[in-house]
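> Kindly generate the corresponding structure for this input.
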Amino acid sequence: MRLLIRSVLAAVLLLLAYHTWLLFNPGEVAVPQGINQDNVIKMQEYIYAPASQYSTVILGSSLAAKLRSQALPPTVYNLALRGQSAFEGFEILKRSGQHPRLILVELDVLDREPNRSTIENLFNPTLHPLRSLVPAFQERHQPLNQLLTLGFTGLERLRPKSAGHIREKLGVRAAGTTPLVPLATQEQPEDLSLNPKVVAQNRLEGNELPMEPGFGANMALLKRYARYFTKQGSHVVFFQMPVDAGVCEGAKMQYIRRRVEAICPPGAYTFLPAPDCSQYYTTDGLHLTDASALRFSQQLAQQLQQLPLQPR
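A predicted model of the protein is given here:
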């Protein structure tokens, strides 16, 4: 019995020591171990951040996840999740009681079925309050992640150029710096390692209309979310991510936009102009290259500044 008590006491003391260390050394850049953990870190960092920290939130899929935060205002949080869609983001906002002034909704992947297990795991009735009180239980503060973060900090001191490339990949800007604007000559189609079969498949799927009745259910859900947050004082704005020109002009994207405009009329909601997809490059027909993602992020930042939003 004494051994058990000592073991529990030692574990509590170690946890308190780790918690105290994290309060003073949280690490500026979170280095995820994989895509799934990257999503979890992104979700947890938003719901455990101060409610007033972000006035604009981006909801979407892995397409919008490519947006570079270093090119966007610091009050913008990118809650777009890889392998998922805007619906998970809407539910996160609702359950956490967050009503940002502006909600940007990616149109491209609204035909994907919401993943409800993502939300249930995030708001687990036991772990959710525990993570809120003790940061050591949050995903980004796993010991291995902290070691990766420490390694990145050391790399910044020893090889700042290499660390800068990692920052660009993660979409994190160093404090006090401004993003570099990629020149058109820095990105040419012949420089990209595209898989023609993957691009052709994505173009083919871009001409297939969303499956029913699932898509109809998604539209009904989108309508409920849009109305709910509008009543809470949020401005819901729809936008489209650039993709391969063949996919961009396909029947699927045009159909999704028409259906969304039917349930969320442009007179009541804002729709940003569709991008000129021919001006951007992708890695697979869907996801932007890093340079194109940065250029579109800068364009999106300019569009946000020009939005004639009414005060709340």
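
> what's the residue closest to the geometric middle of this structure?
The residue lying closest to the centre of the chain (CA atoms, centre = their mean) is residue 80, at 2.6 Å.

> which residues does it contact?
Residue 80 makes contacts with 58, 59, 60, 61, 62, 63, 64, 65, 67, 86, 89, 106, as judged by CB atoms under 8 Å, 6 or more residues apart in numbering. In this view, the C-beta of every residue, glycine as well, is placed from N, C-alpha and C.

> Which of the residues you listed fall within helices?
The helices, defined by DSSP state H, take in 62, 63, 64, 65, 86, 89 from the contacts of residue 80.

> which residues touch the third one?
Contact criterion CB under 8 Å, 6+ apart gives 58, 78, 80, 106, 108, 241 as the residues in contact with residue 64.

> One more: the second one?
For residue 63, the contacting residues are 80, 106, 108, 109, 241, 243, 286, 287, 288, by CB under 8 Å, 6+ apart.

> One more pass at 10 Å, please.
Residues near residue 63 by CB atoms under 10 Å, 6 or more residues apart in numbering: 80, 82, 85, 106-109, 240-243, 282, 286-288, 293.

> Can you flag the buried ones in those residues?
80, 82, 85, 106-109, 240-243, 282, 286-288, 293 (16 or more other CB atoms under 10 Å).

> Keep only those of the residues you listed that are in helices.
Using DSSP H, those in helices are residue 293.

> Kindly indicate which of the buried ones among the contacts of residue 63 lies nearest residue 123.
Distance to residue 123, by CB to CB, is smallest for residue 85 among those, at 18.2 Å.

> Next, give phi and psi for that closest one.
Main-chain torsions, residue 85, degrees, to the nearest 10: phi -150, psi -170.

> now it: how far from residue 98?
Counting by CB to CB, to the nearest Å, the gap between residue 85 and residue 98 amounts to 18 Å.

> got it, and residue 212?
Residue 212 is 32 Å from residue 98, by CB to CB.

> Which one's more surrounded, the two?
With neighbours defined as other CB atoms under 10 Å, residue 212 and residue 98 compare such that residue 98 has more, 21 against 9.
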